[in-house]
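*Asks:* Based on what follows, work out the 3D shape:
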Amino acid sequence: MGNYLPFVNFDTIQLPHQVVAGDDGFCSISQVGNVKCWGRNDDGQLGYEDSANRGDESNEMGEYLPFVNVGTGRTVVTIDSGQYFNCAQLDSLMLKCWGHGSDGQLGSGDVADIGTFPNQMGNYLQSLNFPSGETVSELGLGYFHSGMISTTGLVFMWGQGQFGQLGTEATSNIGDGPGEMGNYLQSTQLGSGRTAIELESREYHTCAILDNYGLKCWGENQYGRLGYGDSTDRGDDTNEMGDNLEYVNLGEGIKSHLINLGKDFTCSISNDDSMICFGNNDQGQLGIGSTVRIGDGSNEMGDYLNPINLGTGIEIRMCFDYSPTSNPTFTPTIPSPTYPPTINPTSNPTKPPTFAPSLWPTFSPHLILLSTPPLILPLIPAFYQLSIPHIFQLMIQPFHLHFHLPLIQLLIPLMIQLSTQQHPLSTLIFLLILLVFSGLKLINPLILISTIHLLLNLLFLDLIFLLPSTLHPINNKKILSSFLHQELMGVEMRERDYL
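*Replies:* A predicted model of the protein is given here:
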């Protein structure tokens, strides 16, 4: 280990932006949305239209490892791995899955593997069909089942249902036959008026953090991995889901902010920055100083749970914060290191994005850009490396816009049309429309301050739009359109959290 441990050879040009792991393999997304996979490949899970493993011999990594073909001109926004299969959301916001398909986990309407033979990937690989109006916001893949949170906060699941892990109050599979996907696919019921903000699946169970930061789990409950003080499966029989599915008791006043599932155990990071785990503990995976399992008996959950002791003065810090940044670090985002940064803004690691938010959580981090005279900014060479989604983020984020979902759906086509015209006046029109509709519920005085800064920014934005296209990356309209679609759809959740 240490200095003796070599780096994985990805690519000398396209560096990894996201890495996910299956049972015996990995996939990475580069900074520009291309995917490479390596490891075990007997079910086509690497997506190279063969069954040969990658990474176990010389001259198989780095430039020798090809990109996975997900379709002509298509790039990948996010990816997740099941046991022997992968699913990727594209820049078109469509979802494609490949690899092992034994139980319908690929959502293709059959049980065939995909990715082992020619003419199965690229344009031949069909995107999954979801109910009308539902688009993927986050993925959660288990061993043989798949799930997603849509942009409306609903959970949809397909694949193996043997232990109730689909939450359908039945044990039948979904997605392995015709007439089961698309509008036939029913959402998982989590309770009256409740939506999900995070979804995780593993082996044969699934857990979701709801919009009230309560935790619910369903599927196989061996070893107490669901955290209900027994070993009874949930979601495989009638009257077990919806309001009948209890919240996992994490303790008085404790809410779940982040979850991660192991093979047969579950861990949660709570609102007090502690980490608690329950389920199987035969290898000490719960971190409690013993091998006694937790969650399958009485007096084990709730206030009886002990957080993992990481040492004096050591606490868990998540990748998001609920308070304004006191000492903002603006430089890491110039140039954009996590491109594309917010096409799928509610996926890990920035969830939940607005728990107890301040009105202006990102005003301070961009203060230098918003307060610098516009004629100076074009002189900063690094500024030209900002992606266009970042530029529009600077325009949108200082506002807490009070939109309602129907209004947002009407605005999306107009927003996309204006923002992709590549004309100086389009940025001004774009901002004015946002100001008008935000003013429908009155404008906080701080917005007036932000508006002044934004109007100044419009001047140098206009200059950028007038520059030759070689000096700024504004040509990818599909990425910008996807960004605007997700940004506007996400405003409704931010308004709900604020209210």
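*Asks:* Going by C-alpha atoms from here, please, whenever you check contacts or count neighbours.
*Replies:* Will do.
*Asks:* Can you name the helix or strand that Thr116 falls in?
*Replies:* Counting by DSSP states H and E, no helix or strand carries Thr116.
*Asks:* how is this structure carved up into domains?
*Replies:* Per the record, the chain has its domains at 9-304, 331-335+344-498, by automatic domain parsing.
*Asks:* If you average pLDDT over each of these, which is lowest?
*Replies:* Comparing mean pLDDT across the domains of the chain, the lowest value falls on domain 331-335+344-498: a mean of 43.
*Asks:* Now do the strands in the stretch 151-300 of the chain.
*Replies:* Along the stretch 151-300 of the chain, the segments classed as strands by DSSP state E, counting those that start in this stretch run 155-159, 196-202, 205-210, 215-219, 256-261, 265-270, 275-279.
*Asks:* so which of these comes closest to Asn3?
*Replies:* Closest to Asn3 of those is strand 256-261 (CA to CA; 29.2 Å).
*Asks:* okay, that closest one in CSV with CA atoms only?
*Replies:* Taking C-alpha atoms only, strand 256-261 is exported to CSV below (Å, rounded to 0.1, in the frame of the first residue of the first chain):
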residue,chain,number,x,y,z
SER,A,256,-31.2,10.5,8.2
HIS,A,257,-29.2,12.6,5.8
LEU,A,258,-27.2,10.0,3.9
ILE,A,259,-27.5,6.2,3.6
ASN,A,260,-25.3,3.4,2.3
LEU,A,261,-26.2,-0.2,2.1
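*Asks:* Begin at 25, not 1, for the rest of this chat.
*Replies:* Renumbered: residue one is now 25, and that last one reads strand 280-285.
*Asks:* which neighbours does that strand have in its sheet, and in what orientation?
*Replies:* strand 289-294 (antiparallel) (DSSP bridges).
*Asks:* okay, the angle between the strand it pairs with and strand 220-226?
*Replies:* Here strand 289-294 points in a direction 150 degrees away from that of strand 220-226 (axes from the mean of the first three to the mean of the last three CA atoms, to 10 degrees).
*Asks:* Hmm, Gln38 and Val56 touching each other?
*Replies:* Yes. The criterion here is CA atoms under 8 Å, and Val56 meets it with Gln38 at 7.3 Å.
*Asks:* Common neighbours of those two, please.
*Replies:* The contact sets of Val56 and Gln38 do not overlap (CA atoms under 8 Å, 6 or more residues apart in numbering).
*Asks:* Would you convert the strands of the stretch 175-324 of the chain into JSON lines that also reports mean neighbour count?
*Replies:* Shown next, in JSON lines, are those (neighbours: other CA atoms under 10 Å):
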{"stretch": "strand 179-183", "mean neighbour count": "28"}
{"stretch": "strand 220-226", "mean neighbour count": "26"}
{"stretch": "strand 229-234", "mean neighbour count": "26"}
{"stretch": "strand 239-243", "mean neighbour count": "27"}
{"stretch": "strand 280-285", "mean neighbour count": "22"}
{"stretch": "strand 289-294", "mean neighbour count": "23"}
{"stretch": "strand 299-303", "mean neighbour count": "27"}
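*Asks:* of these, which approaches Ala194 most closely?
*Replies:* strand 239-243 (10.5 Å).
*Asks:* for that closest one, packing partners?
*Replies:* Secondary-structure packing of strand 239-243 (3 or more CA pairs under 8 Å, 6 or more residues apart in numbering; DSSP states H and E): strand 229-234.
*Asks:* now do 10 Å
*Replies:* Here strand 239-243 touches strand 220-226, strand 229-234, strand 280-285, going by 3 or more CA pairs under 10 Å, 6 or more residues apart in numbering; DSSP states H and E.
*Asks:* Work out the sheet partners of the first one and label each with its direction, please.
*Replies:* Looking back up the chat, that one is strand 220-226. Next to strand 220-226 in the sheet, as set by DSSP bridges, lie strand 229-234 (antiparallel).
*Asks:* Please enumerate the strands of the stretch 25-174 of the chain.
*Replies:* With strands called from DSSP E, counting those that start in this stretch, the stretch 25-174 of the chain shows them at 40-45, 49-54, 59-63, 100-105, 109-114, 119-123, 160-165, 169-174.
*Asks:* how about those, which one is nearest Tyr72?
*Replies:* Evaluated with CA to CA, these place strand 59-63 nearest to Tyr72, the distance being 8.7 Å.
*Asks:* Which positions in stretch 190-210 come out as buried?
*Replies:* Going by neighbour count (16 or more other CA atoms under 10 Å), the buried part of stretch 190-210 is 190-200, 204-205, 209-210.
*Asks:* swap that for stretch 165-176, sorry
*Replies:* For stretch 165-176, burial by neighbour count (16+ other CA under 10 Å) applies to Leu165, Gly166, Tyr167, Phe168, His169, Ser170, Gly171, Met172, Ile173, Ser174, Thr175, Thr176.
*Asks:* First-to-last residue distance for that stretch?
*Replies:* Start and end residues of stretch 165-176 are separated by 19 Å (CA to CA, to the nearest Å).
*Asks:* Show me the helices in this structure, by range?
*Replies:* Secondary structure of the chain (DSSP state H): helices at 391-395, 412-420, 429-443, 448-462, 469-490, 501-522.
*Asks:* rewinding a little: reformat the strands of the stretch 175-324 of the chain into TSV and put distance to Gln69 next to each item.
*Replies:* Formatted as TSV, these follow (distance: least, CA to CA, whole Å):
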stretch	distance to Gln69
strand 179-183	16
strand 220-226	17
strand 229-234	22
strand 239-243	25
strand 280-285	21
strand 289-294	25
strand 299-303	29
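*Asks:* Please name whichever of the ones you listed is nearest to Gly139.
*Replies:* strand 179-183 (17.8 Å).
*Asks:* Return that closest one as PDB; C-alpha atoms alone will do.
*Replies:* In PDB, the C-alpha atoms belonging to strand 179-183 read as follows (Å, rounded to 0.1, in the frame of the first residue of the first chain):
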ATOM      1  CA  VAL A 179     -39.700   6.000  -6.700                       C
ATOM      2  CA  PHE A 180     -40.000   3.400  -9.500                       C
ATOM      3  CA  MET A 181     -38.500  -0.100  -9.200                       C
ATOM      4  CA  TRP A 182     -38.100  -3.100 -11.500                       C
ATOM      5  CA  GLY A 183     -36.300  -6.400 -11.600                       C
END
